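Asks: Sequence first, predicted coordinates after that:
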Amino acid sequence: MNIFYDSYGVFQWASIAAIVAGFGAMVSFIFSLLSYFNSKKTMEVQKEMDQKKIDADIISKSRMHWIDNTKILTTTFLTDSVTLASNYKMFVQKIVQLNGIKIDAGVNLERSKNAKLSREERDFARSEYTYWMEKGSKVFNQDMEKRAENINELLKSVTNNFMLIKLNFSDNEENNRIVNLAFEISEELRNYSLNSGWDQFASENQLIEHLRITDRIWRENSKKADQLTVILRDYYKKEWEKVKKGE
């Protein structure tokens with residue numbers, strides 16, 4: 001029996017139409033199925049891309065936050081270390097000044113008792129000596145105490161910030177350059193503090209030696225601070241490029 005002809009031998013166009021319709025439905029189903037799988041794959045790819053973008057944004061923001069924090073940290077460390085070295089030098093200079101004032105006070109005391117001098121000269125010498133003993137020395141001591149407190153605060157800040165630098169910069173060759181140079185700066189300042197004091201009774205030669213030491217520390221510290229500043233400048237420039245790339 002032929003499906004394309006009826007019992008009278010007449011060609012059945014309806015059968016052709018039904019086959020064509022069935023074929024069309026099958027093709028439509030196949031395309032719909034392919035479209036579904038393609039859409040699903042596209043969604044998965046898009047989801048993966050979105051997740052990568054989210055991850056990259058998180059990494060970039062974290063790196064930016066780290067850069068900002070460590071910039072503040074290293075800047076404070078450098079500023080305080082240079083200031084501390086300068087304060088060491090000025091502190092010794094003030095001790096030299098104190099010893100000079102004490103010598104002058106002794107001279108004024110002797111002049112106030114010297115009968116060979118006029119009364120006016122003796123009175124002036126006595127007033128200078130009395131001012132120093134009653135007021136000048138107290139003002140000077142208060143100033144030195146404030147300077148000592150400031151030095152202690154700066155030393156504490158330098159020491160603490162060095163430890164934070166060491167904690168924030170992981171162990172690799174590039175980071176170790178930063179940490180090692182910061183250690184040299186911090187350690188030299190700490191060692192000087194441990195081996196020095198308020199040498200108000202030191203001899204002139206001892207004070208000259210202290211001045212020489214503090215001047216050397218100040219110059220070396222300034223040089224190392226400049227070196228570390230350049231290293232950090234280049235380091236943060238590379239880190240910023242990583243941020244822009246989302247690394």
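Replies: All right, it came through fine.

Asks: Wait, residue 175 touches residue 169, no?
Replies: Yes: look at residue 175 against residue 169 with C-beta atoms under 8 Å: they come within range, at 4.0 Å. Yep, even glycine has a C-beta here, placed from its N, CA and C like the rest.

Asks: SS state for residue 146?
Replies: At residue 146 the chain is in helix, as set by DSSP: H, G, I helix; E, B strand; the rest coil.

Asks: Neighbours of it, how many?
Replies: Using other C-beta atoms under 10 Å, residue 146 is surrounded by 10 other residues.

Asks: Also the one 4 residues further on?
Replies: Other residues near residue 150 number 14, with proximity taken as other C-beta under 10 Å.

Asks: and what of the one 5 residues further on?
Replies: Neighbour count for residue 155, taken as other C-beta under 10 Å: 21.

Asks: any low-confidence regions in the protein?
Replies: Scanning the chain for pLDDT under 70 picks out the ranges 1-25, 27, 29-31, 33-60, 196-202, 245-247.

Asks: Outline the domain layout of it.
Replies: 1-39, 66-245 (automatic domain parsing).

Asks: buried stuff in stretch 213-230?
Replies: For stretch 213-230, burial by neighbour count (16 or more other C-beta atoms under 10 Å) applies to 213, 214, 217, 218, 221, 224, 225, 228.

Asks: The fifth one touches residue 81, doesn't it?
Replies: Okay, so that is residue 221. Yes: at 6.0 Å, residue 221 counts as touching residue 81 under the criterion of C-beta under 8 Å.

Asks: Please enumerate the shared neighbours of the two.
Replies: Here residue 221 and residue 81 have 185, 189 as joint contacts, going by C-beta atoms under 8 Å, 6 or more residues apart in numbering.
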